[in-house]
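Asker: Sequence first, then the predicted structure, then my questions.
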Amino acid sequence: MNYTAFTKTFDFGDGRTLTLETGKLAKQAHGSVVLTMGKTMILATVVSNYEAKEDLDFLPLSVDYQEKFAAVGRIPGSFLRRESRLSDYEVLICRIVDRAIRPLFPDDYHSDTQVNLFLISSDENILPDALVGLAASSAICITDIPFAGPISEVRVARIDGKFVINPYKDQLANSDLDLIVSGTADELNMVEGEMNNASEADMVEALKLAHDFIKKQCAFQLEFCQLLGGRKPAREYCHEVNDEDLKKKVRDDVYQSIYDVAAIPSNKDERSASFKAILDNYILAQEGLEDSTKKLIKRYFGKAKKEAVRNMMLDTRSRLDGRKLDEIRPIWSEVDYLPCAHGSSVFTRGETQSLTSVTLGGKLDQQLLDSPMVYGKSGFMLHYNFPGFSTGEIKPNRAPARREIGHGNLAARSLKKMLPDQVDYTIRIVSDILESNGSSSMATVCAGSLALMDAGIKMKEAVSGIAMGMISDPKTGRYAILSDILGDEDHLGDMDFKIVGTKEGIVACQMDIKVEGLSYELLAEALEQSRRGRLHILAKMNETLAAPREELKPHTPRIERIEIEKDKIGAVIGSGGKVIQEIQATTGTTISIEEVGNKGIVEILATDMESMEKAKAIVIGIITDPEEGAIYEGIVKGIQEFGAFVEFMPGKQGLLHISEISYTRLNSMEGVYQEGDTVQVKLLEVDKKTGKFKLSHKALLEKPEGYIEPAPRPPRDRDDRRGGDRRDDRRGGGDRNRR
């Protein structure tokens, strides 16, 4: 063995343990840790370049989480049969880790840094999303990469009225609160989750419990580092060239001009133009500046702008657009905007606008999910699109970025909570952001709620969302909690959090906390202010549409389900799907069959009732057993010299013998019927052995007076049927014994 492994175990205190190990795997990475809990194993690695690329003024950090199919003993179902692009679930976990660790790198550290997290073994009952933050932090902490950690992430859920840390997957079915919380030993910095109309007090209590556990896991990581001789001194680096004298000069020269512009209420474009003019005029006033100096001036101008705008809001208690701290921007909304959609809405709040549509489909429209931890089908989808023109920019329309997936997920989990317990349809919501200046994800929530109700989906309650922010000055203790933040306020603030809820309580949240020392009392105050803002937005939405429509739109497809016996499923499908395909082709419907227990569920989706009734009649005909003596309306499917084959029930044909057509003797079938003719028949007999059906039309006719049923023709003997004597005669003799 040519390695030395170091391991340490964390005890949850309830019989569960978690182990960190380093020194065995991926030793060429700058940091490598394997986290093990039960059968779940996560390999976390980190690599950070020692030099930064020129002209970078940010940290190019990438966090990539990937689940290996081998971890759950499955081969990928994709065409290539290998792991490919990250699933939305994996992207969401990447974002959770990124948001937790990014604020803890120094502002002036600009080296390319990558954190890789691989799920290499999985216990299906242990959720990895509550463990990856701990694994990533541990891998970074054993390196010399400058990092103000450790951090940890935990899940806190309320199950049967009790809070539980990192519950098992099967326990979450009984939870009414589910949060992922991250932070350091000193403060929290990220929260995301969903609830069932929880109160603001419930949320604060959950965060306190989560933080207590995070502190223990941060201490555990420091003890783990001690196994390797303690934390390494941070590497030396110089990724920014600074000039403190120039920084002070720029601040002194432009601060008041920026402050004055910020104090004048304006919209986004006017404000941006004014700030740009201050910077451009300042640079023009300086003669003979080198390019490097201009870059420094732009950087210091940005810092001065942040300071001036924040101070203006703290001094005047007003906002960049002139609003009060708790004032919501003007709202207008409209439903039924798209005539061909099954439900639609436009929601506009200030300079943020979402055009949202709802499309309803059947089981065949469900999304197929094929990742190691998420496998099956989903009948609810929300897709969020953020084109460049929404912010007056040019960018190519490509696949959704991680930000779009994250924003869409927040809206999706919010709206899904309010769907009825039994949903017949597959639902797809598409939110196209047409304008953006502050929380387009919350606009998506509001527009999605209106569009669902416009589509006639019987939601439990309407939901609205609000984005909140905060600006604080630790030196003076001043702070300002901002309702319905602008994009600039998000960028310049110390905290932004999004709260979604009904009139009863919170159903989802997402928080990013950028300030140290945020008290729970201040957080509770911010949550209460968000509640008032959320209810104001909800009241505005109710003015447009306060309840789900009673009826679906006329062009919305209708769905009906027929329960059939399990042994009838094959008859409806037919050999190679021939029967079900023919039904769909002839009726214009979409049909799916699902086996549930010992029954089959046939789902018929049709755009008009005539097609629906036609398809239903065919299916019912297939699953209904014919009754001897019953009378049916049949269709001639084929003609032979001895009679006609008649389909008297869907998928069931019988022989109408030439002798059963009329009381008049027919010598031939010529001219009697043509294929496609309709004929009324009576089912005389069902052959129990062969399953063949004997039909009669004659039995439905009035018997002619004096009619005598002809005697049945006697069967010929075997020799007659074979023509035995005649064959023998042709061969030259009838008695074989004489040979």
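Answerer: It's in.
Asker: could you measure residue 416 against residue 539, distance?
Answerer: According to C-beta to C-beta, to the nearest Å, residue 416 and residue 539 sit 23 Å apart. C-betas here are computed from N, CA, C, even on glycine.
Asker: cool, residue 686 as well?
Answerer: 67 Å.
Asker: Comparing residue 416 and residue 539, which residue is more hemmed in?
Answerer: Between residue 416 and residue 539, counted using other C-beta atoms under 10 Å, residue 416 has the larger neighbour count: 17 against 13.
Asker: Just give me the neighbour total for the residue nearest to that one when sequence neighbours are not counted.
Answerer: The shortest distance from residue 416 to any non-neighbouring residue, by C-beta to C-beta, 6 or more residues apart in numbering, is to residue 380 (5.5 Å). The number of residues packed around residue 380, counting by other C-beta under 10 Å, is 17.
Asker: Please report how far residue 380 lies from residue 426.
Answerer: Look at residue 380 and residue 426: by C-beta to C-beta, they are 8 Å apart.
Asker: what does residue 192 give?
Answerer: 26 Å.
Asker: next one: residue 529
Answerer: 38 Å.
Asker: likewise residue 363?
Answerer: In terms of C-beta to C-beta, residue 363 sits 7 Å off from residue 426.
Asker: Return every residue with contacts to both of these two.
Answerer: residue 379 (C-beta atoms under 8 Å, 6 or more residues apart in numbering).
Asker: in the stretch 51-200 of the chain, what spans have low per-residue confidence?
Answerer: Confidence mapping of the stretch 51-200 of the chain against pLDDT under 70 gives zero matching residues.
Asker: how about the strands in it?
Answerer: Under the criterion DSSP state E, counting those that start in this stretch, strands of the stretch 51-200 of the chain are mapped to 61-67, 113-121, 152-159, 162-165, 175-183, 188-198.
Asker: looking at these, which is buried most?
Answerer: strand 152-159 (a mean of 24; mean count of other C-beta atoms under 10 Å).
Asker: Sheet partners, orientation included, of it?
Answerer: For strand 152-159, the paired strands and their directions (DSSP bridges) are strand 162-165 (antiparallel), strand 175-183 (antiparallel).
Asker: Count residues in the vicinity of residue 8, would you?
Answerer: The local packing of residue 8 (other C-beta under 10 Å) involves 17 other residues.
Asker: May I ask which helix or strand encompasses it?
Answerer: strand 6-11 (DSSP states H and E).
Asker: again with residue 281
Answerer: helix 268-285.
Asker: what comes up buried for that helix?
Answerer: 268, 271, 274, 275, 278, 279, 282 (16 or more other C-beta atoms under 10 Å).
Asker: packing partners for the helix or strand that that helix is followed by?
Answerer: Moving toward the C-terminus from helix 268-285, the next helix or strand (DSSP H and E) is helix 291-316. Where contact means 3 or more C-beta pairs under 8 Å, 6 or more residues apart in numbering; DSSP states H and E, helix 291-316 is packed against helix 244-263, helix 268-285, strand 464-473, strand 478-483, helix 487-492.
Asker: Do me a favour and average the pLDDT over the first one.
Answerer: If I follow you right, that is helix 244-263. On average, the pLDDT along helix 244-263 is 96.
Asker: Just the CA trace of that helix, in CSV.
Answerer: Below are the C-alpha coordinates for helix 244-263, written out as CSV (Å, rounded to 0.1, in the frame of the first residue of the first chain):
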residue,chain,number,x,y,z
GLU,A,244,-4.8,53.2,-2.4
ASP,A,245,-4.1,56.9,-3.2
LEU,A,246,-6.0,56.7,-6.5
LYS,A,247,-8.8,54.8,-4.8
LYS,A,248,-9.2,57.6,-2.2
LYS,A,249,-9.0,60.3,-4.8
VAL,A,250,-11.6,58.7,-7.0
ARG,A,251,-13.9,58.2,-4.1
ASP,A,252,-13.5,61.8,-2.9
ASP,A,253,-14.1,63.2,-6.5
VAL,A,254,-17.2,61.2,-7.5
TYR,A,255,-18.9,60.2,-4.3
GLN,A,256,-21.2,63.2,-4.0
SER,A,257,-22.1,63.3,-7.7
ILE,A,258,-23.2,59.6,-7.4
TYR,A,259,-25.1,60.3,-4.2
ASP,A,260,-27.0,63.1,-5.8
VAL,A,261,-28.0,61.1,-8.9
ALA,A,262,-29.0,58.2,-6.7
ALA,A,263,-31.3,60.5,-4.6
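Asker: Near residue 319, how many other residues are there?
Answerer: Residue 319 has 24 neighbouring residues, counting by other C-beta under 10 Å.
Asker: Isn't it up against residue 488?
Answerer: No - between residue 319 and residue 488 there is no contact under C-beta atoms under 8 Å: 9.6 Å.
Asker: ok, and for stretch 255-263, which residues are buried?
Answerer: 255, 257, 258, 259, 261, 262, 263.
Asker: okay if I get the strands of the stretch 51-200 of the chain as a markdown table plus distance to residue 394?
Answerer: Below are the strands of the stretch 51-200 of the chain laid out as a markdown table (distance: least, C-beta to C-beta, whole Å):
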| stretch | distance to residue 394 |
| --- | --- |
| strand 61-67 | 25 |
| strand 113-121 | 29 |
| strand 152-159 | 37 |
| strand 162-165 | 47 |
| strand 175-183 | 35 |
| strand 188-198 | 31 |
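Asker: Stretch 562-578 spans what distance, first to last residue?
Answerer: Start-to-end span of stretch 562-578 (C-alpha to C-alpha, to the nearest Å) is 19 Å.
Asker: start to end distance for stretch 365-373?
Answerer: OK, stretch 365-373 end separation, C-alpha to C-alpha: 22 Å.
Asker: Actually, stretch 115-132.
Answerer: Start-to-end, stretch 115-132 (C-alpha to C-alpha) is 11 Å.
Asker: how far is it from where the chain is centred?
Answerer: On the basis of C-alpha atoms, centre = their mean, to the nearest Å, stretch 115-132 sits 20 Å off its chain's mean C-alpha point.
Asker: And stretch 553-570, by the same measure?
Answerer: Put simply, stretch 553-570 sits 26 Å off its chain's centre (C-alpha atoms, centre = their mean).
Asker: And stretch 184-194, by the same measure?
Answerer: Remark: stretch 184-194 is offset 23 Å from the chain centroid, using C-alpha atoms, centre = their mean.
Asker: got the CA positions of it in PDB?
Answerer: What follows is stretch 184-194 as a C-alpha-only set of coordinates in PDB (Å, rounded to 0.1, in the frame of the first residue of the first chain):
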ATOM      1  CA  THR A 184     -20.300  28.900   8.800                       C
ATOM      2  CA  ALA A 185     -19.900  28.500  12.500                       C
ATOM      3  CA  ASP A 186     -20.700  32.200  12.900                       C
ATOM      4  CA  GLU A 187     -23.600  32.800  10.500                       C
ATOM      5  CA  LEU A 188     -25.900  31.400   7.900                       C
ATOM      6  CA  ASN A 189     -25.400  32.400   4.200                       C
ATOM      7  CA  MET A 190     -27.800  30.300   2.200                       C
ATOM      8  CA  VAL A 191     -31.300  28.900   2.600                       C
ATOM      9  CA  GLU A 192     -33.600  27.100   0.100                       C
ATOM     10  CA  GLY A 193     -36.700  25.000   0.500                       C
ATOM     11  CA  GLU A 194     -40.400  24.500   0.600                       C
END
